[in-house]
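Enquirer: Pasting a predicted model and its sequence here:
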Amino acid sequence: MSSKPTLPEIDLKKFPTAPGVYLMKGEGGEILYVGKAKSLRARLRSYFASAGDGRLHVRFLMNRVRDIETIVTDTEKEALILENTLIKRHRPRYNIDLRDDKTYVSLRLDPREEFPFLQVVRRVPRDGALYFGPFASSAAVKETLKEIHRIFPLRRYPIERCRRRGRPCLFHQMGQCSAPCHGLISAGDYRELVRGVIALLAGRQSEVVDVMRARMGAAAAAMRYEEAARLRDQIRAVEQTVEKQKVDAAAGGDQDVVGLHREGGEVEIAVLFFRLGKLVDRRSYNLTWRLDETELLSSFLQEFYGRDVFVPDQVLLPLAVDDAEALEEWLGEKKGRKVAVLTPRRGPKVELVGMAGRNARESFRERGSRREAREAVLEELCRRLHLSRSPRRMECFDISHVQGRLTVGSMAVVSEGEPDGSAYRHFRIRSVEGTDDYACLREVLRRRLQRGLKEGGLPDFILVDGGRGQLSVLSEVLRELGLEQEIDAAGIAKSRVVANVRGKAVERSEERFFLPGRKNPVTLRSGSPALFLLERLRDEAHRFAVTYHRKLRGKEALHSSLEGIPGVGPARRKALLKHFGSLKRVRAATLEELLAAPGVTGAVARAVFARYREAEEP
């Protein structure tokens, strides 16, 4: 028997037939789901009908709904924008949450600058600059930049920063920067390089090659053989880069092709990025399927393009969505020209959507394989370390200081077998003076666990970097807070250098794990994924602590160096550093250079100059 929704009696006729947004609320008024509709009454009527026929994906939501609120808009596009705003504000449980471990990486070039250069950016605002991408990873961007700078040596750094240098940078010596900051290339020749970069990134490689061949022929005819040889090498590099890109779209242009694959309660969505007819990258997302697929696809597109990302000329979908026209209008406004949202039925574009679907299916399979591998690692840890529960969330703590100064703590996190960088935390030690590592660790653990008790989100397993001493501190804090039965604990002791059996060479012992109530430490199989995961967690906690400590030392050195100079407050310190680029350059500046700095009066310039000249005197 199908489960009927438990809504109170609602007269559907009271809802308007106009476009708008509806908010489904649960017990206590919390917003469970936000949706939009061309006709609110018709859309809400479909939920009641769907709940009656027992479809599971609707029952998930409707059995929890207690009230429905509507907001009327003038147009469907306004409803789409309002829905997007409300989802971002309330983060309803039953709307999709497009969590992405990375934002898109693109290349930015502003041709309006005197000497334009390429920047790696993660946002694509409408600021008049040119954007190329997206790239799925920073590694892909680095590889592309490496090729581009080898062919077209644009500058690498902000022009003012380069001009403050006494000589061109190392990249110029390597032939990967034309050094416009030091006048080693004319503005006209630099513009030629920029045009080549734009054409190459835009996919017009043949145009680039034709221009370079003509320049090579002219250089050879004028007996400028070194220049001709350099152009010949650049042509070969461009042609080799072109050979790496083999996949062409059916119709050319900029397209995002969406594929969808569903198994059970999960949906995998893959997006293929075609730029000027060439496949440049792919991105996949794993979502929980609760509602209708077309509604999920529409919500995905809104969240996907709601950020500062590149909007293509066409978006190809595997399923028709009800609000395609509103999406086209919204995307067209973001792009500044017409955008088509299409669901192809025949021809080459159907093949592209099919390829995206196959990518979604393969991504789902790969994700499942990785999930199984992670589960196996967690099971091995649970068995080998005698844990009372699977360590779905693991945290590791470390302490860093130099002779007791600026002591800090760090927390690194692994969730479901994967590092979770967004959950890492720093701790400034407040109550401990000197070099008492145990007391510092005790403070960090108390603060972390007390906050977890108050706000929720306690770990399943805590690892401390150290042996029995650090573990005893952890065990003491867990007992104090009544968590010894809720959280498993261990200490990881670094491997020791030991003599081999013949006593002639040295070897390293295995990593040792100390457990509460166990005399002898446990070792994990050398090279095993379980050992690698815990070592990585320990190393991440150490790296995070050391990085933070270095940052604090740098701030302290900077503050103490400029502190106390008459007339130099926080704002002027910032202005000096921005103008000169570093504290070292402030120290080395002449009186005339200090006087030329913005916002620096004569008295302040003389005071700064005198401070550092006095420090240099024996």
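Expert: Noted; the coordinates are in hand. Just so we're clear, the structure is a prediction, and the values are computed from it rather than from any experiment. Residues are numbered from 1 along each chain as shown.
Enquirer: any idea how far the closest residue to residue 75 other than its chain neighbours is from residue 69?
Expert: Distances taken as CB to CB, 6 or more residues apart in numbering place residue 19 nearest to residue 75, at 6.3 Å, with adjacent residues excluded. No exception for glycine: its C-beta is placed from N, CA and C like everyone else's. Counting by CB to CB, to the nearest Å, the gap from residue 19 to residue 69 is 16 Å.
Enquirer: Between the two, which has more neighbouring residues?
Expert: residue 19 (23 against 12; other CB atoms under 10 Å).
Enquirer: Could you pick out the longest helix of this protein?
Expert: helix 348-384 (DSSP state H).
Enquirer: buried stuff in it?
Expert: Buried residues in helix 348-384, counted by 16 or more other CB atoms under 10 Å: 349, 352-353, 355-357, 359-361, 363-364, 374, 377-378, 380-382, 384.
Enquirer: What of stretch 410-425?
Expert: Per 16+ other CB under 10 Å, stretch 410-425 contains these buried residues: 410-414, 417, 419, 424-425.
Enquirer: avg pLDDT for that stretch?
Expert: Averaged across stretch 410-425, the pLDDT comes to 89.
Enquirer: Centre of the chain to that stretch, how far?
Expert: On the basis of CA atoms, centre = their mean, to the nearest Å, stretch 410-425 sits 14 Å off its chain's mean C-alpha point.
Enquirer: now do the same end-to-end measure for it.
Expert: Taking CA to CA, to the nearest Å as the measure, stretch 410-425 stretches 6 Å from start to finish.
Enquirer: List the contacts of residue 449.
Expert: When contacts are counted by CB atoms under 8 Å, 6 or more residues apart in numbering, residue 449 touches 458, 477-478, 481, 483, 487.
Enquirer: which residues touch stretch 79-94?
Expert: Contacts of stretch 79-94 (CB under 8 Å, 6+ apart): 19-21, 23-24, 31-38, 60-61, 71, 73, 95, 97, 290-291, 299, 302-303, 306, 323, 326-327, 330.
Enquirer: how about that stretch: buried residues?
Expert: Result for stretch 79-94 [16+ other CB under 10 Å]: buried residues 79-84, 86-87, 92, 94.
Enquirer: For the residue lying closest to residue 185 once chain neighbours are set aside, the count of nearby residues, please.
Expert: Excluding its sequence neighbours, the residue lying closest to residue 185 (CB to CB, 6+ apart) is residue 178, at 4.2 Å. Residue 178 is flanked by 22 other residues according to other CB under 10 Å.
Enquirer: And for residue 127?
Expert: The burial count for residue 127: 9, using other CB under 10 Å.
Enquirer: cool, and residue 284?
Expert: Residue 284, neighbours per other CB under 10 Å, totals 18.
Enquirer: Likewise for residue 444?
Expert: 27.
Enquirer: There's contact between it and residue 409 in this structure, I believe.
Expert: Yes. Assessed by CB atoms under 8 Å, residue 444 is found in contact with residue 409 at 3.7 Å.
Enquirer: Mutual contacts of the two, please.
Expert: 397, 399, 427, 429.
Enquirer: Most neighbours out of these, which is it?
Expert: residue 399 (28 neighbours).
Enquirer: That residue belongs to a strand, doesn't it?
Expert: Yes. Secondary structure assignment places residue 399 in a strand (DSSP: H, G, I helix; E, B strand; the rest coil).
Enquirer: Please determine how far it is located from residue 461.
Expert: In terms of CB to CB, residue 399 sits 19 Å off from residue 461.
Enquirer: Residue 141 too?
Expert: Residue 141 is 36 Å from residue 461, by CB to CB.
Enquirer: So which of those two has more stuff around it?
Expert: Counted by other CB under 10 Å, residue 141 and residue 461 do not tie: residue 461 has more neighbours, with 25 against 20.
Enquirer: Quick one: residues contacting the more buried one.
Expert: Contacts of residue 461 (CB under 8 Å, 6+ apart): 381, 387, 391, 393-395, 487-490.
Enquirer: Identify the residue nearest it in space, chain neighbours excluded?
Expert: The nearest residue in space to residue 461 (CB to CB, 6+ apart) is residue 391, at 3.8 Å.
Enquirer: Give the rounded mean pLDDT of the helix or strand where residue 537 lies.
Expert: Taking DSSP states H and E as the definition, one finds residue 537 inside helix 529-562. Averaged across helix 529-562, pLDDT comes to 77.
Enquirer: Kindly report the same for stretch 489-501.
Expert: According to the model, stretch 489-501 has a mean pLDDT of 71.
Enquirer: In a helix, residue 396, correct?
Expert: No. Counting by three-state DSSP, residue 396 is not part of a helix but strand.
Enquirer: mind listing what it touches?
Expert: Residue 396 neighbours (CB under 8 Å, 6+ apart): 411-413, 462-465, 492, 537-538, 540-541.
Enquirer: Of these, which is the nearest to residue 163?
Expert: Taking CB to CB as the measure, residue 163 lies nearest residue 540 of these, at 39.2 Å.
Enquirer: residue contacts, the residue nearest to that closest one when sequence neighbours are not counted?
Expert: Ranked by CB to CB, 6+ apart and with sequence neighbours excluded, the top spatial neighbour of residue 540 is residue 412, at 3.9 Å. By CB under 8 Å, 6+ apart, the residues touching residue 412 are 395-396, 398, 419, 424, 537, 540-541, 544.
Enquirer: And the furthest pair within the residues you listed?
Expert: 398 and 419 (14.8 Å).
Enquirer: Can you turn the buried part of the contacts of residue 461 into a ChimeraX selection?
Expert: Applying 16+ other CB under 10 Å to those, the buried members can be selected in ChimeraX as follows:
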select :381,387,391,393,394,395,487,488,489,490
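Enquirer: Now, the contacts of residue 461 that are in helices?
Expert: residue 381.
Enquirer: Helices of the stretch 451-600 of the chain, residue ranges please.
Expert: Under the criterion DSSP state H, counting those that start in this stretch, the stretch 451-600 of the chain carries helices at the ranges 468-480, 529-562, 570-580, 583-588, 591-596.
Enquirer: Highest mean neighbour count across those, which stretch is it?
Expert: Among these, helix 468-480 has the highest mean neighbour count (mean count of other CB atoms under 10 Å), at a mean of 19.
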